[in-house]
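Engineer: coords below, sequence missing:
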């Protein structure tokens, strides 16, 4: 059916009324059309759909199939409960459910007694007190969808001993979805009773199809306790089914001013098994096929229309299709919004709700901004007040550019979709923000098709694609095949098929690769071609397609396919001019290759690695050269021995075997490491040094040293042929004799590896600091009283050093019970405090004789020990004396008492 309306051209920055209050909202100067779908104002054609409660959904009614199902307690997941202690006034409990606290599930025999009518079996619930009533709760699980239920019939047969039985059902929609028990009727007579729910019956069915009913009898005041008995209960669900599909088409939309169409956004709900599809149409209602995928339609909002220019597509229509595979459910379309941009080469927004996805007090995130076809990002602009941090995000809200300012260039971006982000400080505000575009019209180019000649009946084809600016979009790579009926000129052409493509977005050059393709007929070919039963055919040609990041499409020429099965040959040349040892440098490796039929397509350089020039690893590919002269600048990744050899491939992809021999070269690509030593002063008591470690990533050759300001290098080690050296070496006798005690000297190193790479100490900060200290520290221990009666007693020592300083001071002792037999010397304690030190000695071995001496070690390792002293220890037996005196007092008291008694 069709309806007439007015053109959008007359709408200006206002909410425009249609037919008795109906509205759509159009902002001409902002490029926005919003249809809340409250009526058919902007809908011209529709089928099987209706507008209800401000949304479009699929129709259903008497002309559509209706399902009626009856459910008893025997159905799956249906059961019943009772509670015997309810207050007669149920109002208190109406907000708690559908599960009722302290209710008890009936056993299986009690449930079975309520399944069949008049079978002599019943289930009775009796109140637990005279002023309480029982409750029976029946839970039914149905297959109905809540929105499709048009009627519920509750059938009950039973009895009660009071005036009536109130019937409640749980309303899942009440209290904003929290739900509550609602009274739906009463039974005032025993026997068979029915309650029919029509209006709002779907409110009593949950999203999962659950229905909950409770029976509450009135209080029996005269003959308590109150009882209710159920012989049979069931519910009947009547559900209508939606039509399988519906659609509507808008009126033609023609903005007065437009540069490019921007996007379509829509809101709705799609239960499982349903979907909403959007399609973009010409004014004549045909599909715009320049939008890839438009024939199938789009299910994800928003849908970018940036490929449509306003000059080429002045008028468009929108078509929305609503579909369901489960006719109990239907999708609902709440509204849609159409956006377009007015100014040439610019996306601009004044923070309209349609273009803002996220907004808080201090943060704003735009909807995705899609790059128009044939354009690239240029600059960012914004009119704002206050302090604002702007960022550019990708479609997934990952930061691409941080802290940008109005006027900043965006051409370094590598994406077709961005978002704008603003972080507002204090009371900052934005009037508008925008992104400008610059034209980029050059399409990608193709070269190096490598597979005109093939060597087996199933091969893949490759080609290189290039684009200078802004670079390529690898995911857009495709290929197309042509098969020819043998002996004729009849050609079968496939559609564009997805190809594999190396490289990241914005890559300047990529390689496009097809999957394995049959040269001759196979049943799988019929998946891509309509052969009309023809099988006598072979592959005739292949062509390729790719887009750049600006959306410009490139198509290659058609490449004919031929066959070749013989491999080529190759070997390295000019090897006599290449030295054996190499530092970190590129070595030019050259090869000769030949093929007797199709010609050489590529020559690959392989290498095998060895750390000892004896055992080599598996061969690895280094690089492939695709055009003569066949040569490579070989630069190894790590130091070691490399055996190099070429492997040629012809244009039919015939490849010669890997070789076991080749050119062997030694590479040591890194300088020796800086020697490893402590940054502190190294104090020396002699000219021997063993605390410096020398390393190289491969093998060291020689090590030398010199003192700062000296000219002569002195050899430390030579002909090492090892990756490290940490042995002991000596300063020259002359250097040692000329060094003064306590004076610091800087040692510079000259380290050479096996390939001649050198490490030379460049400045004082990298030099080893040494100092000479041949003087012993002072170690004195004062004598103590020969006998000590109190523990602990004090021992005073004195230590000092005029050279490298004190490293440690240790007190040692020996013990003897008789001044003849002595224990081993034992460490008592250690300190590094210089000067006088008082030690508290606690005689750990008890009474007897003790010898003491101290040992002082300075930082250079000079050791000085004191003379030893001796002391005896006899502690007063305080405990024993106290016990003896106590016994004496007790004896005196006992004696006195005995004398007095006699």
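Structural biologist: Looks like it came in fine. Note that the structure is predicted; figures quoted are calculated from it, not measured. Numbers count the residues shown, from 1 in each chain.

Engineer: I figured residue 698 was touching residue 639, is that so?
Structural biologist: Yes: Residue 698 is in contact with residue 639 according to C-beta atoms under 8 Å; the separation is 3.3 Å. The way it works is simple: take the backbone N, C-alpha and C, and place the C-beta from them, glycine included.

Engineer: list residues touching both of these two?
Structural biologist: Taking C-beta atoms under 8 Å, 6 or more residues apart in numbering as the contact criterion, the residues that touch both residue 698 and residue 639 are 668-670, 755.

Engineer: what's in contact with stretch 815-822?
Structural biologist: Contacts of stretch 815-822 with the rest of the structure, by C-beta under 8 Å, 6+ apart, involve 814, 823, 826, 845, 847-851, 872.

Engineer: tell me how far residue 431 lies from residue 345.
Structural biologist: 20 Å (C-beta to C-beta, to the nearest Å).

Engineer: same thing with residue 407?
Structural biologist: For residue 407, the distance to residue 345 - C-beta to C-beta - is 16 Å.

Engineer: between the two, who's got more neighbours?
Structural biologist: More crowded of residue 407 and residue 345, by other C-beta atoms under 10 Å: residue 345, with 15 against 9.

Engineer: and the more buried one, what does it touch?
Structural biologist: By C-beta under 8 Å, 6+ apart, the contact list for residue 345 reads 259, 375, 378, 436-439.

Engineer: just the pLDDT for it.
Structural biologist: Among the per-residue scores, residue 345 holds a pLDDT of 95.

Engineer: A helix includes residue 884, no?
Structural biologist: Yes: with the criterion set as DSSP: H, G, I helix; E, B strand; the rest coil, the secondary structure at residue 884 is a helix.

Engineer: number of nearby residues for it?
Structural biologist: Burial measure for residue 884: 11 neighbouring residues, criterion other C-beta under 10 Å.

Engineer: same thing with the one 4 residues further on?
Structural biologist: The burial count assigned to residue 888 is 10, neighbours taken as other C-beta under 10 Å.

Engineer: picking that back up, what's the farthest-apart pair in the contacts of stretch 815-822?
Structural biologist: The distance between the two most remote of the contacts of stretch 815-822 (C-beta to C-beta) is 17.7 Å, for 826 and 872.

Engineer: the more surrounded of these two?
Structural biologist: Here residue 826 and residue 872 are compared on neighbour count by other C-beta under 10 Å; more neighbours surround residue 872, at 15 against 12.

Engineer: leaving out sequence neighbours, find the closest residue to that one.
Structural biologist: residue 787 (4.7 Å; C-beta to C-beta, 6 or more residues apart in numbering).

Engineer: do I have it right that that neighbour meets residue 874?
Structural biologist: Yes: the pair residue 787 and residue 874 passes the contact test of C-beta under 8 Å, sitting 6.2 Å apart.

Engineer: what's next to stretch 575-589, contact-wise?
Structural biologist: Stretch 575-589 has contacts (C-beta under 8 Å, 6+ apart) with 572, 605, 631-635, 644, 663-670, 754-757.

Engineer: now swap in stretch 730-740 and tell me
Structural biologist: Taking contacts as C-beta under 8 Å, 6+ apart, the residues outside stretch 730-740 that touch it are 684, 686-689, 705, 707, 710, 714, 745, 772.

Engineer: closest one to residue 35 out of those residues, please.
Structural biologist: When the contacts of stretch 730-740 are compared for distance to residue 35, the smallest value, 86.0 Å, is given by residue 705; criterion: C-beta to C-beta.

Engineer: check which element follows the helix or strand hosting the closest one along the chain.
Structural biologist: In this assignment (DSSP states H and E), residue 705 forms part of strand 694-707. From strand 694-707 onward toward the C-terminus, using DSSP H and E, the following helix or strand is strand 714-717.

Engineer: list the neighbouring strands of that following strand plus their orientation.
Structural biologist: Using DSSP bridges, the strands paired with strand 714-717 are strand 694-707 (antiparallel).

Engineer: strands of the stretch 251-400 of the chain, start to end?
Structural biologist: 260-269, 274-281, 303-304, 317-324, 332-341, 346-349, 356-359, 363-366, 369-370, 375-394, 399-404 (DSSP state E, counting those that start in this stretch).

Engineer: out of these, which comes closest to residue 452?
Structural biologist: Taking the strands of the stretch 251-400 of the chain one by one with C-beta to C-beta, strand 375-394 is closest: 34.5 Å.
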